[in-house]
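Asks: next input, structure requested:
(2 chains)
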Protein chains: 2
Amino acid sequence: MKNIANDIIAVLEKVAGSTQNGSILLHEPLFRNNEWNYVKECIDSGWVSSVGSYVTKFEQMIAEYTGVSHAIAVVNGTAALHASLEVLGVERGDEVLLPTLTFIATANAVSYCGAVPHFVDSEISTLGMDPHKLKDYLLNHTYMSNGFCYNKKTDRRIKAVVPMHTFGHSVDIEPLLEIADTFNIVLVEDAAESLGSYYKGTHTGSFGKVSILSFNGNKIVTTGGGGAILTNDDGLAKKLKHITTTAKVPHKWEYYHDQLGYNYRLPNINAALGCAQLEVLDEYLDKKRVLAKKYEYEFKAFNGVNFVTEPANSKSNYWLNAIILDENYIEQRNDVLELTNQSGYMTRPCWNLLHTLPMYSECPKMNLDTAEAISRRLINIPSSVILGEDRS
Amino acid sequence: MKNIANDIIAVLEKVAGSTQNGSILLHEPLFRNNEWNYVKECIDSGWVSSVGSYVTKFEQMIAEYTGVSHAIAVVNGTAALHASLEVLGVERGDEVLLPTLTFIATANAVSYCGAVPHFVDSEISTLGMDPHKLKDYLLNHTYMSNGFCYNKKTDRRIKAVVPMHTFGHSVDIEPLLEIADTFNIVLVEDAAESLGSYYKGTHTGSFGKVSILSFNGNKIVTTGGGGAILTNDDGLAKKLKHITTTAKVPHKWEYYHDQLGYNYRLPNINAALGCAQLEVLDEYLDKKRVLAKKYEYEFKAFNGVNFVTEPANSKSNYWLNAIILDENYIEQRNDVLELTNQSGYMTRPCWNLLHTLPMYSECPKMNLDTAEAISRRLINIPSSVILGEDRS
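Replies: Here you go, the predicted structure:
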């Protein structure tokens, strides 16, 4: 069997460029628009904190871009997930369906509510939740009582489902919405990685009862650390803004809080950065598409390696590019990781599957064969916006 | 009886200056040092997120300034309180002693642990927890079992006590530490408002097993939104850093998290702002002292109004200046608030006492007479650093 690591490095060099001027990171941010101007305005005016006009402007820009009525800016994606589950009534002892193949934040947000993650398998075509497998599983392993869906084994209510658009590739959301409807499970759409991705022409993040975005430093556009909650429901939007801003009742001088709230406010200085970044999002999306197309072309003829492309009926932001090794090259995965990183091309496997982590190893789960296969075979490769620029 | 509102406005005008160029806020930040250089460096280098050198530098500067071995930068003071209680073993069903006269964050952090706030009265000389009243109360209303202190009425364990240095004035921490020791209750020191304040020559925030700071936009120095956790305990410091950074085990590419963690990381861009601000903290403290001395002087001869000065044996940062109306002027309090704000001098009463808020109204509490009296009589007045500068 051939040794593929060096061949992969050759592709990375061809597509992402030489490492002679330093390592090529997995995803670095790019600031050369109005970032400076807006941040300077914050500093000059003294309005760096949570009171300030950039937070409102950022929220408006997000809502406009995604086509969702309301966006609530928060301190990060984890906070966005937690507040969303909380406001939708996820309670202590409930279960929440989520992919085992996702970042830890999703499971932790469930834990913060006192609820229990219940892990769902992925499908290979989207890397996200497998709707067919989920439907069969729910039909066989749950029962309805008082209008709610219960886990037959644990007798816990299954209150919510949180599909995620992995690396920016749309999950097959339509059948998932149908399932959520059938079983009366509320759908929170985790679009942390998919700003700029579309499913059947509609922006991801607009399908869930509530959806979330992330603006962490490794995302396509960033606020340093930040997130947002999206919803078309006026009442939920109001509640979300309220509980993420310490549940303080507006008053010119009184400090009166009418319920348990959270200090999840995004500072104005971070929102300023976000406004400047959103202005260039379309340009960045184009560049990421160019980069992905180059990878796709180079890997097409590559025996043993498949480049992950956007699923049918969807348009990906190609946030984090990935290759999947053929089964018979699995034993070379660690070599590939080791040698690419040694050569200055930052690569990584996907997250350790959540059901394998110590604090979640006893949680309910379905058969997770596909996620396990992906986890053994997938490698993320350099994906920064700047790599999609013409270097000639 | 004389009408005091206009006389108070006259003092505010004399000390804080005229409002002809706009309102005089309660506490606005001041940026004219290296804020812009450091933030610009973040933007230029692309390191605005949680990976970046300013976070480490900020932590070192805080530790050095306060004289505490370890400082862990986090996203805000609320997160700092929550992580502190969590790491010290506050569990679901425990009770935590805290002043009723404080910002909502303290009680909320207790709630996030699933524990129950237990409210303590203040003393007039410090505005903070009354150690004598607390000692008597614990002697009469608790019992020891298996080495822990239990509430006689609820049979819940009293695990922690969280005194707070109100408006920057040191609480009488020594007798509180003795009480904590006697009853085996761990002391978390809430120094959110007291960066630059000293108790018997030692910086506040260095007394608790764990202590916290806030760098919210209204504080003496700010990071937009931010906080820090302080401890001299190497093991706790390590745990705190771990659980506030998603409990990810360091590895060059693996995403492995070994326990439930939080995404409480402070972004590098906010830390950069904080580094520049800490460089001028001593200068700001001097200015705030000048301002407080002016207020003290002007209010000395003012019948019916007492300016709050630093308690015995302590040095205050005079973060938020306050006056206390005599009992017989209580009925004019709302007039004073209304008229000062109308005149462009931002003032406010202290927070609504926590035990009066709907979600905390059923929590255990001692007699809270002094806090209630303070709450009826206290008014915060403009305190920005810039007001302490020479305007001649």
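
Asks: please report phi then psi for the spatially most central residue of chain A.
Replies: Most central in chain A under Cα atoms, centre = their mean is A:Ala192, positioned 2.7 Å from the mean C-alpha point. Here is the backbone geometry of A:Ala192 (degrees, to the nearest 10): phi -50, psi -30.

Asks: any low-confidence regions in the stretch 51-200 of chain A?
Replies: Across the stretch 51-200 of chain A, the ranges flagged by pLDDT under 70 are A:51.

Asks: where along it do the helices fall?
Replies: Secondary structure of the stretch 51-200 of chain A by DSSP state H, counting those that start in this stretch: the helices cover A:53-66, A:77-87, A:104-112, A:131-141, A:173-182.

Asks: circling back to that earlier point, doesn't A:Ala105 make contact with the residue nearest to the centre of chain A?
Replies: Yes: using Cβ atoms under 8 Å, A:Ala192 makes contact with A:Ala105 at a distance of 7.4 Å. No exception for glycine: its C-beta is placed from N, CA and C like everyone else's.

Asks: joint contacts of the two?
Replies: Shared contacts of A:Ala192 and A:Ala105, defined by Cβ atoms under 8 Å, 6 or more residues apart in numbering or on different chains, comprise A:Gly77.

Asks: tilt between the longest helix anywhere in chain A and helix A:53-66?
Replies: Counting by DSSP state H, the longest helix found in chain A is helix A:281-300. Interaxial angle of helix A:281-300 relative to helix A:53-66 (axes from the mean of the first three to the mean of the last three Cα atoms, to 10 degrees): 50 degrees.

Asks: helix A:281-300 near chain B at all?
Replies: No: shown here: helix A:281-300 not in contact with chain B (Cβ under 8 Å from any Cβ of the partner chain), separated by at least 13.6 Å.

Asks: now do stretch A:260-270
Replies: Yes: using Cβ under 8 Å from any Cβ, stretch A:260-270 reaches chain B at A:Leu260, A:Gly261, A:Tyr262, A:Asn263, A:Arg265, A:Leu266, A:Pro267, A:Asn268, A:Ile269, A:Asn270.

Asks: not counting its neighbours along the chain, what's nearest the closest residue to chain B within the stretch 101-250 of chain A?
Replies: Nearest residue of the stretch 101-250 of chain A to chain B (Cβ to the nearest Cβ) works out as A:Gly217 at 2.1 Å. Once flanking residues are discounted, A:Gly217 sits nearest to B:Ser49: 2.1 Å by Cβ to Cβ, 6 or more residues apart in numbering or on different chains.

Asks: can you count the residues close to that neighbour?
Replies: When neighbours are counted by other Cβ atoms under 10 Å in any protein chain shown, B:Ser49 registers 24.

Asks: quick one: contacts for it?
Replies: Neighbouring residues of B:Ser49 by Cβ under 8 Å, 6+ apart: A:Pro29, A:Asn216, A:Gly217, A:Asn218, A:Thr222, A:Gly224, A:Gly225, B:Pro267, B:Asn268, B:Ile269.

Asks: number of nearby residues for the first one?
Replies: Residue neighbour count, defined by other Cβ under 10 Å, stands at 28 for A:Pro29.

Asks: give me phi/psi at the residue in chain A sticking out farthest from the centre?
Replies: The centre of chain A is farthest from one residue, A:Trp253, which by Cα atoms, centre = their mean lies 38.4 Å away. For A:Trp253, the backbone dihedrals (degrees, to the nearest 10) come out as phi -140, psi -20.

Asks: relative to chain B, how far out is it?
Replies: 4 Å (Cβ to the nearest Cβ, to the nearest Å).

Asks: A:Ala237 is in contact with A:Val87, correct?
Replies: No: here A:Val87 does not reach A:Ala237: they are 9.6 Å apart, not a contact under Cβ under 8 Å.

Asks: re the thing from before, now the residue farthest from the centre of chain A. Nearest residue, chain neighbours left out?
Replies: Leaving out its chain neighbours, the residue that sits closest to A:Trp253 by Cβ to Cβ, 6+ apart is B:Arg348, at 3.8 Å.

Asks: so the one you found bridges to which residues?
Replies: Assessed by DSSP bridges, B:Arg348 has beta-bridge partners B:Asn380.

Asks: check contacts around it.
Replies: A:Trp253, A:Glu254, A:Tyr255, B:Leu26, B:Leu337, B:Ile379, B:Asn380.

Asks: quick one: pLDDT of it?
Replies: Listed pLDDT for B:Arg348 reads 96.

Asks: got it, and A:Val48?
Replies: pLDDT recorded at A:Val48 is 72.

Asks: which residues does it contact?
Replies: With Cβ under 8 Å, 6+ apart, A:Val48 has these contacts: A:Cys42, A:Pro267, A:Asn268, A:Ile269, B:Pro29, B:Phe31, B:Gly217, B:Thr222, B:Thr223, B:Gly224, B:Leu273.

Asks: A:Ala247 now?
Replies: Per Cβ under 8 Å, 6+ apart, neighbours of A:Ala247: A:His257, A:Asp258, A:Gln259, A:Leu260, A:Gly261, B:Ile104.

Asks: verify the contact between the first one and A:Val249 for me.
Replies: Spelled out, that is A:His257. Yes: under the criterion of Cβ under 8 Å, A:His257 lies in contact with A:Val249, with a separation of 7.0 Å.

Asks: quick one: which of those two has more around it?
Replies: The neighbour comparison of A:His257 against A:Val249 (other Cβ under 10 Å) goes to A:His257, with 23 against 12.
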